[in-house]
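> Pasting the sequence and the predicted model now:
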Amino acid sequence: MDLTRELNESQRLAVEYCDGPSLVIAGAGSGKTRVLTYKIAYLISKGLHPNDILALTFTNKAAREMCQRVGRLVGTDVTLRWMGTFHSVFAKILRIESKAIGYEQNFSIYDENDTKSLIKRILKELGYDETCYKPNNVASRISEAKNRLVTPQEYADSPYVRSRDEGMKMPELYRIYKVYCERCRQANAMDFDDLLFNTYFLFKNNEDIRRLWAEKFHYVLVDEYQDTNYAQHKIVMQFTAERQKVCVVGDDAQSIYSFRGANIDNILSFSKSYQGVRTFKLERNYRSTKRIVAAANSLIKHNEQQIEKNIYSENQEGECLIRKDTHSDREEALMVCKDIRRIIREEGMAYSDFAVLYRTNAQSRIFEESMRREGIPYRIYGGVSFYSRKEIKDIIAYFRLVSNPDDDEALRRIINYPARGIGEATKIKIQECSTRYQTSMWSVIGDPHSYGLDVNNGTLNKLNEFRLLILSFIEAEKGMNAYEIGVKIIEDSKIKNELYSIDSVEGDSARENLNEFIGSLNDFVDTRQEEDMEDSLSLNDFLQEVSLITDMDSKDKADMPRVCLMTVHSAKGLEFPTVFIVGMEENIFPSPKCVFSHKALEEERRLFYVAITRAEKHCIITTAHSRWQYGKMEINSPSRFLRDIDPRFISGGNERLRPTIIDSIRSRVSAQHSTPSVSRNVFTPVRNANTNANADIPELHEGMTVEHSRFGIGKVLHVDGTGENTKATVEFENVGIKQLLLRFARIKVREV
């Protein structure tokens with residue numbers, strides 16, 4: 001059977017070369033998985049036993065799919081015992097060789113929760129303050145050290161590392177790292193990082209064992225090599241030092257995981273790691289139209305750090321990338337909804353044929369809310385709905401308790417968040433009292449002696465402090481709108497401090513969600529003022545709106561076709577007929593954290609490249625000139641990356657918005673905060689912009705074209721009232737019909 005007859009020439013050459021080290025550069029949509037599976041099948045057809053092949057992947061799903069495909073190709077059931085993720089394969093080896101590193105064969109594997117629980121115990125035993133030594137931060141530093149193969153002793157001996165930890169106010173971290181490793185060994189346990197760390201040192205310190213495994217595997221294949229970290233790269237070299245029968249597959253242009261430790265240099269310098277490396281380039285894109293591929297090529301050519309390649313498509317010419325500039329994030333979201341409906345109507349597509357890609361998780365909120373209101377089914381791919389994220393649920397629990405102190409579920413959630421020394425045992429006792437007396441938990445902590453709450457005086461004081469905090473919010477709420485009391489609760493409860501103390505990628509995401517939530521509060525008040533709903537600005541009104549939104553979400557049917565909402569990072573490896581890339585603005589994409597580093601900026605450009613190359617037929621890129629961001633209204637310029645795309649392959653753009661309306665938005669933002677924030681990572685809440693009415697009420701009449709700072713361009717249908725009570729009914733292009741109270745409305749007459 002000729003296994004290679006179905007391959008193109010480049011794929012065939014990559015599959016058939018098995019005499020030495022090879023690097024397969026697989027461009028987007030070029031058949032990477034196809035080459036890997038055919039190569040394994042080819043090796044088996046040439047007499048290599050499946051057990052002598054080591055194939056390393058990054059997901060169990062990828063390993064299962066490749067194993068099934070190989071079986072179909074060779075025409076028989078085949079067990080690839082040594083195909084799997086790095087961690088699963090190395091765990092097998094470590095169990096076999098456990099004695100050599102001082103472990104029993106039945107060692108446990110700690111997950112993230114186990115790791116943090118152990119770190120908390122160590123901090124308590126050693127007397128370290130968790131407010132300085134945050135368990136999440138400590139775990140992140142230890143993980144980083146292990147993935148760089150830095151031992152506890154090397155960590156302690158490094159002046160650079162010790163200086164960095166002192167700067168982070170964690171000078172004793174080296175000691176915690178040492179004790180953590182000792183405790184894991186005592187418990188006969190490894191964490192996920194140990195599966196790499198211990199494999200490397202097993203081979204490094206036991207040459208006979210390393211040679212045994214190197215001789216066992218006659219051929220080694222590695223998928224997604226651009227995503228490997230330092231430890232994974234070093235272990236692959238340990239396996240292949242003698243035979244050098246190794247094939248790595250990947251695409252440097254899709255290296256986007258440096259925040260997880262991925263090192264693009266592993267693939268860029270692969271030819272220097274082995275002698276006589278053969279490089280094969282898979283350059284035909286089978287996924288996208290010619291213009292989409294050409295646009296992506298014109299973007300990525302601006303990166304200096306890359307392997308030269310010429311990706312091409314033989315599909316239809318297709319349309320250019322389409323750029324659509326909108327006035328605000330709200331108009332942007334509604335325009336996406338409108339385009340989805342239009343394309344479904346014109347081309348007969350299903351909702352599952354669409355993906356909305358954004359740079360940060362926090363950006364999902366406005367699209368979730370818009371799609372719920374528009375009746376468009378969606379799902380969050382690789383994540384959870386905005387209002388289901390922990391930090392948002394914690395804040396909403398505070399809001400619920402302030403609005404209704406008898407809400408036991410809300411009280412249970414936040415009585416000890418942020419930590420205030422009220423443990424689980426105390427919560428159980430409060431619950432028992434409330435059940436016994438058929439009253440709420442709030443009533444119990446308000447009069448603990450009458451209800452017989454059996455806790456010590458120290459705990460009683462902590463409960464009273466919590467009660468007084470909530471009472472202060474209840475009293476303050478009487479004179480505040482939802483935005484004002486919301487900001488006060490987030491500040492005074494110390495939730496803001498808690499989230500800003502987390503030094504990790506997860507902490508960054510939580511802070512982005514927090515700031516997006518503050519923006520949603522401000523937008524809620526702002527919009528209702530404009531729409532003459534000043535009697536509906538309370539915290540309870542906001543909670544009612546959120547509960548209705550989340551209720552609609554809970555009624556969605558899991559088996560129906562849905563639009564996919566996801567970050568660009570989550571979209572890697574996926575493809576859709578139509579892709580929307582939203583929020584293509586400075587301070588979002590590229591991320592503001594990356595703009596001062598050339599290397600980081602190149603990774604952001606690769607991330608945009610990945611986004612574009614997810615599209616098969618339509619790629620629509622959107623920007624918003626104003627959006628609620630960092631807790632306030634921000635004005636952003638279109639992303640610098642849009643200028644990197646050859647104008648021949650992108651249409652639409654920046655002439656739609658006139659300077660007059662942008663100047664109006666800028667002046668509005670300037671009024672919100674006279675002193676701009678120095679760092680965009682610092683939370684700087686401001687009072688709602690529309691608490692004072694617009695002094696200049698525009699004179700409008702029926703048929704007039706107007707431009708609104710958030711709703712965009714519209715036509716006046718009707719004008720009612722006089723003076724401060726003047727209202728205008730306007731039909732906007734993307735937002736639909738709105739009735740606006742003109743003394744609050746940010747609207748201008750649009751000159752034709």
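Now that the structure is in, tell me what you want to look at. Numbers count the residues shown, from 1 in each chain.
> Could you list the low-pLDDT ranges of the stretch 651-752 of the chain?
Within the stretch 651-752 of the chain, the stretches with pLDDT under 70 are 654-696, 752.
> all helices of it, in order?
With DSSP state H, counting those that start in this stretch, the ranges of helices along the stretch 651-752 of the chain come out as 659-672.
> Can you show me the strands along it?
Assignment of strands within the stretch 651-752 of the chain using DSSP state E, counting those that start in this stretch yields the ranges 705-708, 712-720, 727-732, 736-741, 747-749.
> For my notes, confirm residue 164 occurs in a strand.
No: per DSSP: H, G, I helix; E, B strand; the rest coil, residue 164 lies outside any strand segment and is helix.
> my read is residue 565 is in a strand, agree?
Yes: assigned with three-state DSSP, residue 565 falls within a strand.
> doesn't residue 369 make contact with it?
No: Residue 565 is beyond contact range of residue 369, at 11.5 Å (criterion: Cβ atoms under 8 Å). Every C-beta, even on glycine, is put in place using the N, C-alpha and C of the backbone.
> These two: which is more packed in?
Ranked by neighbour count (other Cβ atoms under 10 Å), residue 565 and residue 369 place residue 565 first, with 27 against 20.
> what bridges to that one?
Here residue 565 sits in beta bridges with residue 356, residue 380, going by DSSP bridges.
> Contact partners for it?
Contact partners of residue 565, counting by Cβ atoms under 8 Å, 6 or more residues apart in numbering, are 355-356, 358, 364, 367-368, 371, 378-381.
> hmm, which of those are the buried ones?
Neighbour counting by 16 or more other Cβ atoms under 10 Å classes 355-356, 358, 364, 367-368, 371, 378-381 among those as buried.
> can I get those in JSON lines with distance to residue 165 and pLDDT?
Shown next, in JSON lines, are the buried ones among the contacts of residue 565 (distance: Cβ to Cβ, whole Å; pLDDT from 0 to 100):
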{"residue": "355", "distance to residue 165": "41", "pLDDT": "97"}
{"residue": "356", "distance to residue 165": "40", "pLDDT": "98"}
{"residue": "358", "distance to residue 165": "34", "pLDDT": "97"}
{"residue": "364", "distance to residue 165": "35", "pLDDT": "94"}
{"residue": "367", "distance to residue 165": "40", "pLDDT": "96"}
{"residue": "368", "distance to residue 165": "39", "pLDDT": "94"}
{"residue": "371", "distance to residue 165": "45", "pLDDT": "94"}
{"residue": "378", "distance to residue 165": "43", "pLDDT": "93"}
{"residue": "379", "distance to residue 165": "41", "pLDDT": "92"}
{"residue": "380", "distance to residue 165": "36", "pLDDT": "92"}
{"residue": "381", "distance to residue 165": "37", "pLDDT": "91"}
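> And the residues you listed, which is closest to residue 265?
Nearest to residue 265 among the buried ones among the contacts of residue 565, counting by Cβ to Cβ, is residue 358 at 28.5 Å.
> still on that earlier bit, can you lay out the contacts of residue 565 as CSV showing distance to residue 534?
Shown next, in CSV, are the contacts of residue 565 (distance: Cβ to Cβ, whole Å):
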residue, distance to residue 534
355, 39
356, 33
358, 33
364, 29
367, 28
368, 27
371, 28
378, 32
379, 36
380, 34
381, 39
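> next helix or strand past the helix or strand hosting residue 620?
Residue 620 is located in strand 615-629, with elements delineated by DSSP states H and E. Downstream of strand 615-629, the first helix or strand assigned by DSSP H and E is strand 632-635.
> That following strand pairs with which strands, and in what direction?
Short version: by DSSP bridges, strand 632-635 pairs with strand 615-629 (antiparallel).
> tally of neighbours for residue 389?
The number of residues near residue 389, taken as other Cβ under 10 Å, comes to 23.
> residues in contact with the residue lying closest to it once chain neighbours are set aside?
Spatial nearest neighbour of residue 389, excluding adjacent residues (Cβ to Cβ, 6 or more residues apart in numbering): residue 513 at 5.5 Å. By Cβ under 8 Å, 6+ apart, the contact set of residue 513 is 361-362, 386, 389, 391-392.
> tell me the pLDDT at residue 513?
With respect to pLDDT, residue 513 scores 93.
> A helix includes it, no?
Yes: under three-state DSSP, residue 513 sits within a helix.
> any low-confidence regions in the stretch 101-250 of the chain?
Of all residues in the stretch 101-250 of the chain, none has pLDDT under 70.
> so what's the spatially closest residue to residue 455 that is not a sequence neighbour up against?
Computed as Cβ to Cβ, 6+ apart, the closest residue to residue 455 that is not its neighbour in sequence is residue 426, at 5.7 Å. Going by Cβ under 8 Å, 6+ apart, residue 426 touches 455, 459, 463.
> my guess is the second one meets residue 420, correct?
When you say that, I think you mean residue 459. No: at 10.4 Å, residue 459 does not count as touching residue 420 under the criterion of Cβ under 8 Å.
> Pick out whichever of these two has more residues nearby.
Taking other Cβ under 10 Å, residue 459 and residue 420 do not tie; residue 459 has more neighbours (18 against 15).
> which residue packs closest to the most centrally placed residue in the chain, ignoring adjacent ones?
In the chain, the centroid-proximal residue (Cα atoms, centre = their mean) is residue 361; its distance is 4.6 Å. Ranked by Cβ to Cβ, 6+ apart and with sequence neighbours excluded, the top spatial neighbour of residue 361 is residue 509, at 5.4 Å.
> State the distance from that neighbour to residue 630.
Relative to residue 630, residue 509 is positioned 14 Å away (Cβ to Cβ, to the nearest Å).
> With neighbour numbers in mind, choose between the two.
Taking other Cβ under 10 Å, residue 509 and residue 630 do not tie; residue 630 has more neighbours (25 against 19).
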